[in-house]
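Visitor: Fold the following, please.
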Amino acid sequence: MYLDGRDRYRERKYVMAIILLMSTSTSAETSLEHDQCRPKGCRTLTYIYQLPPPCSNWNATSPRAFSEAFGPRDSREASHWRHTGNRALSALWHFRVQHSSCRTLCAHAADLFFVPALTLGGLRLGGLREIKRSCGDCSAEELERHLIHLDESTAAKHVLICPIEHFALAPCIGWWSHPRGLFSRMMRLSFSAVAPASMASHLEYMVDKQSAADLMDIKAFPNLYSLPQPSNVHWGQDPPFNVSRKRPRLMSFVGSITHGDVEVRRRIAQQCVALRSLCTWINIGFGGLTKSLNLVAKVKLDTIFCLEPAGDTPYRRSIADSVAVGCIPVYFNNVTDLTGGLLWGPWHNDSRVLLSRDAFLAGRIHIKELTEISPATVAKMQNLLWSHAARAFQISDWDDPKDSVGLMLEMLATRVRVATQLP
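Guide: Numbers count the residues shown, from 1 in each chain. Below you'll find the predicted structure:
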């Protein structure tokens, strides 16, 4: 029987509570060591700190936690789609690690230490003032007080996370940005990567020039790894599509032309409308015509190539939605191509299309050129998405070892093992 995600996590919560009670007795020590120090079937064990306020601003064990992290379903027709907030990345990770079957209660057994500091990123109310206040309350000194297992031998195993682009927590100086001491050795996760200086021209369209500069500041944000933005798609134990699915649309563009890389977006919309038999444009959000996830789900599931121009930053949630349902993403910005980093793996270049922004705007490239990609190449790309990327670009609503959370934890632990020359 397939259980709703909330039922599975509620069951896990009860089991953990019972084990914690058992662990207080001497007779349960052996059981605790085998069952909760080193759970069976887990290659990577993660310890999660239970931080108090002010560094903790969200409760991953509350009855509302699942719905707050994943969001409500859109409809029965789009059963794998939820209205997941675009700032929900930290909450999704916090929830999944908290309730993971590969979570260890024993620091000595941990491969990684997850630090859920400011899960909401100071963004519950939004705005820089709220972020600065939260970072001021949760200073490096305050946070370090609660990291009781942090030392020279474990620092590189600690994992921090930001709910949106990494520059959002720039005011958290000392532990997130411009880290000092052992914080400088911790790994950082956000849905943006540090862009190399060679890509500066690809950020010139951004209205917020300080944010553009922060996107390239590698010294301020060391050991940063890019995740996909939190997708609205959440795989259950039954996937939302299969590789043999027939896709009647060649191209689609789901997005607005009033924000982000407006010049590119408007040109895409114009070309898409002109190629009506080949391309569908759904004007969504920011003054668009619809916010129906049911419609978006149907369009993306029926499309071969999903056109993904840059947003307010080059990182775009729609990419994760597209990949998670097997639609081949088409990028128009080299920085966008950094999305997902480690999760893409060696098949990255063969499972997406990257078009030159400059050539596209100059008229030297047209989206109709996607028709020239052979059916054999399309099939290869779709098979790669199905085999590697689709499941990895979303966060499942169950304890999935092969989704974005499970795979990324494994990859981070592997990097630690290689760096320390451990087997």
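Visitor: Could I get the full set of helices for the stretch 301-423 of the chain?
Guide: 317-324, 357-361, 375-384, 404-419 (DSSP state H, counting those that start in this stretch).
Visitor: F66 and F95 touch, don't they?
Guide: Yes. Using Cβ atoms under 8 Å, F66 is in contact with F95, at 6.7 Å. C-betas here are computed from N, CA, C, even on glycine.
Visitor: what's the first-to-last distance across stretch 151-165?
Guide: 28 Å (Cα to Cα, to the nearest Å).
Visitor: let's number from 36 now, not from 1
Guide: Will do, 36 is the new start, and the previous item becomes stretch 186-200.
Visitor: tell me which residues of that stretch are tucked away?
Guide: Within stretch 186-200, the residues that count as buried by 16 or more other Cβ atoms under 10 Å are T189, A190, A191, K192, H193, V194, L195, I196, C197, P198, I199, E200.
Visitor: so for that stretch, what's the average pLDDT?
Guide: Here stretch 186-200 scores 96 as its mean pLDDT.
Visitor: Stretch 375-392 now?
Guide: Stretch 375-392 comes out at a mean pLDDT of 93.
Visitor: who's in contact with it?
Guide: 228, 237, 260-263, 296, 299, 340, 363-369, 372, 399-400, 405, 408, 415-416, 419-420, 423-424, 427-428, 439, 442-443, 446 (Cβ atoms under 8 Å, 6 or more residues apart in numbering).
Visitor: Over to stretch 288-305?
Guide: With Cβ under 8 Å, 6+ apart as the criterion, stretch 288-305 contacts 240, 307, 314-323, 331, 334-335, 341-342, 344-347, 349, 351, 353, 356, 367-368, 392, 395-396, 402.
Visitor: just stretch 340-347 next, same as before
Guide: Contact with stretch 340-347 is made by 240-243, 285-290, 294-296, 299-300, 303, 307, 314, 335, 351-354, 357, 362-368, 370-371, 388, 402, 405, as judged by Cβ under 8 Å, 6+ apart.
Visitor: Pull out the buried members of these.
Guide: 240-241, 285-290, 295-296, 299-300, 303, 307, 314, 335, 351-354, 357, 362-368, 370-371, 388, 402, 405.
Visitor: When F101 and F130 are compared, which one has more neighbours?
Guide: F130 (26 against 20; other Cβ atoms under 10 Å).
Visitor: And the pLDDT at the more buried one?
Guide: On pLDDT, F130 comes in at 97.
Visitor: give the contact list for it.
Guide: Y44, A95, A100, F101, A104, F105.
Visitor: try it again with 6 Å
Guide: A95, A100, A104 (Cβ atoms under 6 Å, 6 or more residues apart in numbering).
Visitor: With adjacent residues omitted, what lies nearest to it?
Guide: Spatial nearest neighbour of F130, chain neighbours left out: A104 (4.4 Å); criterion: Cβ to Cβ, 6 or more residues apart in numbering.
Visitor: buried stuff in whichever strand or helix holds the one you found?
Guide: Following DSSP states H and E, one finds A104 within helix 100-105. For helix 100-105, the neighbour count (16+ other Cβ under 10 Å) marks A100, F101, E103, A104, F105 as buried.
Visitor: I'd like those as JSON lines, with pLDDT and distance to P275 appended.
Guide: Output for the buried residues of helix 100-105, formatted as JSON lines (pLDDT from 0 to 100; distance: Cβ to Cβ, whole Å):
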{"residue": "A100", "pLDDT": "95", "distance to P275": "24"}
{"residue": "F101", "pLDDT": "96", "distance to P275": "19"}
{"residue": "E103", "pLDDT": "93", "distance to P275": "23"}
{"residue": "A104", "pLDDT": "95", "distance to P275": "19"}
{"residue": "F105", "pLDDT": "95", "distance to P275": "15"}
